[in-house]
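> coordinates only, no sequence provided:
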């Protein structure tokens, strides 16, 4: 089966091709092409995954792609536990989101284009996961970045969507460029970018003293610097501090996009890459690259959870929650919890996709994103409510939902390897339960506080006209929200089921060796060599994290559910902290001033420099040349030619002076000759 | 069959035929021109089956005596480097001629000059005799001068004269360099034969003279590329040139400069180039970052694309400088070859992508809106879906999106150069972010956002425009996904050069 793995990204790619060129004529049938392709892809992916789960050998296939001198750069794919379980997750979650989109995007004038972009995204994502080298990984990586750009700006008439899509692409590209430099450094050290070859070299090199680079006052080992540069990519893609700013804005895209790309898959790509390139980080002196990963992750987890508490937009809260959870994954990987971090990636994909889709269902019904304008929805949208609740409990880490198992793994690893990280992550876990309960309390409980101004339709009547559709009537916003159609709720139910059960692969005793199955399936070989053993599950610790989660829920319930303490009062207590969090810690504002305005000012300044200085010099040279040639002409007229004339004139003058002597009379000449002779004779006599 | 000579002179023959056609019959002139351009393209394709893919040296040499008294001959040949550039030239000439069917002003002269220009460009790539090379090098100037000066925009005379004089100054410096080489051969064996001069390297070890000759060549090529700070003729020429002229200027004429660096400067003066490699790399990096930043501040689309050329040609020069810096260090040979492969790939990618970008600008400017102001558009994607898709693809290709051709080139340049001059390369890589920024901003201002009502009823691409643009897009994708066939050809020359540089 592993030999057929190349089919997994190919099906969605073909679907993209069909929809891009024939989408318009397919019209309403466009989604079936995309869903069919995803189904086929999922079939192969699950077959490949099950085969790996049953103990098949990893499989790698390569082909030459480029040459440089004697070297050959290859591309190909690799099937192993990590890539197979990830593609299984992506095709399953992706397929469900495709089905949901049929309902959510119905009636959109660019229906086919939407599914075309989603298909291209899946092709890129699956390529990135299956890639066998940094090169092909980078190709998939950038393709998903492109699709993210296109889909964030799917409502391309909206200015805010335009700004968000640019912000997303550029912010992630900063990280990608650092990663590209890291990849260059890999090629420089090892002459290849193939995963297997690079990791083998790193593993061997770990035993020798590493070369160092001087960066100002610091001496950094080359391997560490390379690993950290490569980590730049995941920082951008997975929304880690300080490049997290794009992700909340990315919620301008349609909600299925937020679920698929900005919750389940694309943003997890960075975590996946750190997992994939784990040897690169692990085999640095004292695992120092991993320490950086752990701290970046921890910082991100706490920061985003703090900001999420002060937001009102349902998708923005979920976005900051995603950033925070990605921080958990990074922190998990960083504290030597290889399995823990990746396990959380898998469980998070299910329950966060669920939360986004359920949020989409809510937005579909109430036409607003503001949780303060919702309320009481549990009664009119029961399926959405119960499924959302499942996602909420999973995210908050309540037993026995998926998030409980995976988050607990991370906390367990942190407890054993880095206590400071453990404390901070526990605080972040508390905040997670808090902001999610706040969201649930506002949106689903209390009474309905419907919107005054429903969201305007992003499209113009012309757009519908071109697509041969009628624009939806503008007078039809319901006072009473109602449940979404089954095409949307069925995926919710399926995802809720997974949000409940997918964590059970992490239950101790499910693996063949007494540990959990996931630990058995996803393990990092380097640990054994280094004598590092995964800490075993401990009930006291698990109960402690459960207590933290329940405490978070309890506090939120007191404030937002029961309202024993008014939220205004809380705001007054925390003083300036509230506006600080509300304005996203002013990070976006600072970036806007420094990079956007600063960059534009620099560009404008250089344009002036180019026109007036660089080109000015060229024109000056031209002008001086013309001036010189004018001077030359004067010189030529008055000096060169003047000299010639002077010679002529002098000759003539001299001639006219002598002219009187030339009388033509013979006696005059004889007289002169005789006088001359006389003078000569006299002179010679004198001398004697 | 002397396939190179046939390819080289078919366009000239076409120019002669056009000369004898009645000027009133514009349609026939256009069709005959297109016919000759197509025939030249086919002829250049016929080189492929004759080319030996295992041979690194220049091959398929065709020669004849010309002025034997001073050692001048007619000698042409190809290797991996020139072969791919010749194919680029013949293809883009076909597309430019096809695009120019909409030109109605003095059609006869226009088409005649285009064919003449093609022979000039092909000659530069084929020539294996310095005298012949110089003749073709100068021959490319004249038609372009008239194309800009007669069919150009409002400031065409200024731009044409600037273009002509600026490049002419460079050419003269190169001529002095050539003469220095020539007179340093032992008397009696003096020749302009490129291969012979490359073999003997007459100026090796002469110190000052080698320096002078190197800088002579450098000036000529650097102006042509154009490297920063010799680039200011380029935006003027591009803005004023007619669309097809811009296409050829960007796609081919700029490559003459980088071709010169790779073909002559590297193997003729390796020691001198090695000495100054870091300076050249520095200028290249400045070009990359400066070009991208200045492009960001432009409001005229053509100027924007012109500055993006300064940015992209900077990458090429970075790789060339890296290869020069690797001189004398055999352990860096593969890295240098990778960088040179990237440089050549970038020449092709830039030719195809920027060619497409100028066509894209022309399509909207020439017949539809008569404005190129970036701010004058908005929301065009909704009105012109096909045009939007093609333009956005080309712009993403230009900003180096993986899966498209520009990425392959940049990737090879970066990984190759980094092993040799890491700091310069890392700095240049940062330029990638700025390039992305200005292209995305351009896409946003032209295609996204609310539609400008002025353009609500523009027609989408017609059949002829599709025929000029689609081949370029297809090439971007095909060689972006699988570049190996091209690289196999290019790598022959790069390996050969690197072997010479050990």
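Ah, there it is. No experiment lies behind these values; they were computed from the predicted model shown. Numbers count the residues shown, from 1 in each chain, chains lettered A, B, ... in the order given.
> go through chain B and flag its longest helix.
The residue-count maximum for a helix in chain B (DSSP state H) belongs to helix B:333-364.
> and stretch A:220-229, what's its mean pLDDT?
On average, the pLDDT along stretch A:220-229 is 89.
> what does that stretch contact?
Applying CB atoms under 8 Å, 6 or more residues apart in numbering or on different chains, the external contacts of stretch A:220-229 come out as A:178-179, A:181-182, A:185-186, A:189, A:202, A:205-206, A:210-215, A:277, A:280-281, A:283-285, A:288-289, A:292. For the C-beta atoms, the positions are set from N, CA and C on the backbone; glycine is no exception.
> now the buried members of the residues you listed.
For these, a burial check counting by 16 or more other CB atoms under 10 Å in any protein chain shown picks out A:178-179, A:181-182, A:185-186, A:189, A:202, A:205-206, A:277, A:280-281, A:283-284, A:288-289, A:292.
> tell me the contacts of residue A:429?
If you count contacts by CB under 8 Å, 6+ apart, residue A:429 has them with A:397, A:407, A:411, A:545, A:548-549, A:552.
> if I look at the nearest residue to residue A:262 once chain neighbours are set aside, how far off is residue A:96?
In space, and not counting its chain neighbours, residue A:262 is closest to residue A:250: 5.0 Å by CB to CB, 6 or more residues apart in numbering or on different chains. As judged by CB to CB, to the nearest Å, residue A:250 and residue A:96 stand 20 Å apart.
> and the next helix or strand past the longest helix seen in chain A?
For chain A, the longest helix by residue count, based on DSSP H, is helix A:159-190. Remark: after helix A:159-190, the chain's next helix or strand is helix A:195-205, criterion DSSP states H and E.
> okay, buried residues for that following helix please.
Buried residues in helix A:195-205 (16+ other CB under 10 Å): A:195, A:198-199, A:201-203, A:205.
> now flag whichever of the residues you listed is closest to chain B.
Comparing those against chain B with CB to the nearest CB picks out residue A:198 as the nearest, at 12.7 Å.
> surely that closest one and residue A:191 touch.
No. Applying CB atoms under 8 Å, one finds residue A:198 not in contact with residue A:191, separated by 9.8 Å.
> next secondary structure element downstream of the host helix or strand of residue B:38?
Under the criterion of DSSP H and E, residue B:38 resides in helix B:26-45. With elements assigned by DSSP H and E, the helix or strand that comes after helix B:26-45 is helix B:47-50.
> which parts of that following helix are buried?
residue B:47.
> now do stretch B:120-130
Using 16+ other CB under 10 Å as the test for burial, stretch B:120-130 gives B:120-130.
> next: stretch A:605-613.
With burial defined by 16+ other CB under 10 Å, the residues of stretch A:605-613 counted as buried are A:606-607, A:610.
> so the longest helix of chain A versus helix B:333-364, what angle?
Counting by axes from the mean of the first three to the mean of the last three CA atoms, to 10 degrees, helix A:159-190 lies at 160 degrees to helix B:333-364.
> contact partners for residue A:238?
Residue A:238 makes contact with A:267-271, A:326, A:329-330 under the criterion CB under 8 Å, 6+ apart.
> if you set the cut-off to 10 Å instead, what comes out?
Applying CB atoms under 10 Å, 6 or more residues apart in numbering or on different chains to residue A:238 gives the contacts A:172, A:175, A:244, A:247, A:266-274, A:296-297, A:300, A:322-323, A:326-327, A:329-330, A:345.
> and the one helix or strand residue B:281 maps to, anywhere near chain A?
Remark: residue B:281 resides in helix B:270-296, with elements defined by DSSP H and E. Yes. Helix B:270-296 lies within reach of chain A by CB under 10 Å from any CB of the partner chain, at B:289-296.
> now that helix, how far from the centre of its chain.
Chain-centre distance of helix B:270-296: 18 Å, with CA atoms, centre = their mean, to the nearest Å.
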